[in-house]
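Participant: I need the structure of the sequence given here:
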Amino acid sequence: MQYAFKLLLLPFKSANRWCWFSFIHLHLFSHIYILIYLHICYTCFELRLSYF
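Facilitator: Sure thing, here's the model as predicted:
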């Protein structure tokens, strides 16, 4: 995984590298947060269904 990241970052110069890296990280984390949010919503919905 890290090797792939290093290969991905090779073409970029040090200034651009940080922008690219932070962009990838933000993208990944936003996806993780959306997944967690959806999971919480789903579990709440399931609980609500089981109550009624």
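
Participant: relative to residue 31, how far out is residue 48?
Facilitator: Residue 48 sits 26 Å away from residue 31, going by CB to CB, to the nearest Å. From N, CA and C alone the C-beta is placed, and that goes for glycine too.

Participant: next one: residue 41
Facilitator: Separation of residue 41 from residue 31 (CB to CB) stands at 16 Å.

Participant: what is the burial count for residue 21?
Facilitator: 14 (other CB atoms under 10 Å).

Participant: that one and residue 35, how far apart?
Facilitator: Taken as CB to CB, the span from residue 21 to residue 35 is 22 Å.

Participant: now swap in residue 22 and tell me
Facilitator: Counting by CB to CB, the gap from residue 22 to residue 35 is 20 Å.

Participant: what of residue 49?
Facilitator: 21 Å.

Participant: report how many residues lie close to residue 47.
Facilitator: If we define neighbours as other CB under 10 Å, then residue 47 has 9 of them.

Participant: ditto for residue 24
Facilitator: Residue 24 - counted by other CB under 10 Å - has 13 other residues nearby.
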